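Enquirer: dropping the sequence and predicted coords here.
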There are 2 protein chains.
Amino acid sequence: MRQSDLRIGDLARHTGVGVATIRYYGDVGLLPEAGRSEGGQRHYRPSHVERLMFIKHCRELGFSQDNVRMLLTQADQSDASCEDVARLAKEHLEAVRKKLTALQALEMSLEDMIHACRGGRIQNCRIIEALAANE
Amino acid sequence: MRQSDLRIGDLARHTGVGVATIRYYGDVGLLPEAGRSEGGQRHYRPSHVERLMFIKHCRELGFSQDNVRMLLTQADQSDASCEDVARLAKEHLEAVRKKLTALQALEMSLEDMIHACRGGRIQNCRIIEALAANE
DNA sequence: CTAAGTCCTCGAGCTACTAGAGCTTCAAGC
DNA sequence: GCTTGAAGCTCTAGTAGCTCGAGGACTTAG
């Protein structure tokens, strides 16, 4: 274990990623396997910090694990064109926009339902009616 | 099996809910258990169609299974006040709005990243840079 | 009676973690 | 050197809400 190495808890504090999640990322191959102490405890190099932050940012932006994997692979090929990266990002943006549209529609429906409700009994409740409607 | 009863496939076609999903709703108690033929095949009454449509609408509006369960319970109490229903709907609307806000922020971040990218190599890629950034 | 279509159960798989049980290792203080 | 408490380890299972597949049984038209 070198001076600059971190134990899993330190890495967690440095990055804001939970200990269990870090182990999980190792298991699924997002984060390269850490070195081990004689007792079996993981120790991480500074490169792990960078990589984990990269992963964290990707996840915060909503990229799936598979996409993160691709982005990591790309990030390692410094000579390659960044075409694929841009495409991935654009596709993801498209997906986000679709979700936004869907959510907005949903927001409106809910608003309508709620505004229609004037209190009272279930049997006259507009919300229940709306949910039960055949169309 | 009465004239008006439906087999699971018919119910699926009538409601647009998949066969496996209908069975699943039965298993988890959202949809009351169907009657069975001598050979063990389910047959559904018209009331099942109504209930399933109700569930479908709820799910389309993004209510969780637990919330759907509550809404169903309420819907059955025609004399009860619709207060709880309205509260549930409002809470859900709030949750939807929060998601919307988060997604919009995400959309902007992605847009910024994508606009910053001018093509070229990974080593100069602004997207990768943004993802790798320490802050 | 047969064949095609539909249905049955049971178990596993999906995403991306998260929590807990039961045990071991590490490091600081005495 | 010893103790002790924090932190680490592995493994299993659980979360939400379905979805799919295997292997077999039922149903119904011809």
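Expert: Arrived safely, thanks for sending. Numbering: from 1, shown residues only, chains lettered A, B, ... in the order given.
Enquirer: where does chain A dip in pLDDT?
Expert: Within chain A, the stretches with pLDDT under 70 are A:1, A:135.
Enquirer: could you chop it up by domain?
Expert: By the assignment in automatic domain parsing, chain A contains the domains A:1-80, A:84-135.
Enquirer: DNA strand D is nearest to which of these?
Expert: domain A:1-80 (2.4 Å; CB to the nearest atom of the strand). Heads up, the C-betas are built off the backbone N, CA and C, glycines and all.
Enquirer: contacting residues around stretch A:128-135?
Expert: A:112-113, A:116, A:122, B:50, B:53-54, B:57-58, B:61, B:71, B:74-75, B:82, B:85 (CB atoms under 8 Å, 6 or more residues apart in numbering or on different chains).
Enquirer: my read is that A:Ser4 contacts A:Pro46, right?
Expert: Yes: in this structure, A:Ser4 is within contact of A:Pro46 by CB atoms under 8 Å, at 5.7 Å.
Enquirer: surely A:Cys43 is in a helix?
Expert: Careful, residue A:43 is His and not Cys. No: under DSSP: H, G, I helix; E, B strand; the rest coil, A:His43 sits outside any helix and is assigned strand.
Enquirer: near the nearest residue to it once chain neighbours are set aside, how many other residues are there?
Expert: The shortest distance from A:His43 to any non-neighbouring residue, by CB to CB, 6 or more residues apart in numbering or on different chains, is to A:Asp5 (4.2 Å). When neighbours are defined as other CB atoms under 10 Å in any protein chain shown, A:Asp5 has 17 of them.
Enquirer: what angle separates the longest helix seen in chain A from helix B:83-116?
Expert: In chain A, taking DSSP state H as the definition, the longest helix is helix A:83-116. Per axes from the mean of the first three to the mean of the last three CA atoms, to 10 degrees, the angle that helix A:83-116 makes with helix B:83-116 is 150 degrees.
Enquirer: helix A:83-116: which residues count as buried?
Expert: A:85-86, A:88-89, A:92-93, A:96, A:99-100, A:103, A:106-107, A:109-110, A:113-114 (16 or more other CB atoms under 10 Å in any protein chain shown).
Enquirer: with stretch A:68-86 instead?
Expert: Applying 16+ other CB under 10 Å to stretch A:68-86 flags A:68-72, A:74-75, A:80, A:82, A:85-86 as buried.
Enquirer: which among the contacts of stretch A:128-135 gets closest to A:Leu31?
Expert: B:Leu61 (38.0 Å; CB to CB).
Enquirer: got a list of what the closest one touches?
Expert: Here B:Leu61 is in contact with A:106, A:109-110, A:131, B:92 (CB under 8 Å, 6+ apart).
Enquirer: give me phi/psi at it?
Expert: phi -80, psi 0 (degrees, to the nearest 10).
Enquirer: is A:Trp31 part of a helix or strand, or is it coil?
Expert: Actually, residue A:31 is Leu rather than Trp. coil.
Enquirer: quick check: which element contains the residue minimising distance to the centre of chain A?
Expert: By CA atoms, centre = their mean, chain A has its centre lying nearest to A:Arg59, at 3.1 Å. When elements are assigned from DSSP states H and E, A:Arg59 belongs to helix A:46-60.
Enquirer: after that helix, which helix or strand is next?
Expert: helix A:65-76.
Enquirer: how far does that following helix sit from its chain's centre?
Expert: 13 Å (CA atoms, centre = their mean, to the nearest Å).
Enquirer: pull the CA atoms of it into CSV?
Expert: This file holds the C-alpha atoms of helix A:65-76, laid out as CSV (Å, rounded to 0.1, in the frame of the first residue of the first chain):
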residue,chain,number,x,y,z
GLN,A,65,-24.4,1.5,-16.8
ASP,A,66,-23.9,0.2,-20.3
ASN,A,67,-23.5,3.7,-21.6
VAL,A,68,-21.0,4.5,-18.8
ARG,A,69,-19.1,1.4,-19.8
MET,A,70,-18.9,2.7,-23.4
LEU,A,71,-18.0,6.2,-22.3
LEU,A,72,-15.2,4.8,-20.2
THR,A,73,-13.9,2.7,-23.0
GLN,A,74,-13.9,5.8,-25.3
ALA,A,75,-12.3,8.0,-22.7
ASP,A,76,-9.4,5.6,-22.6
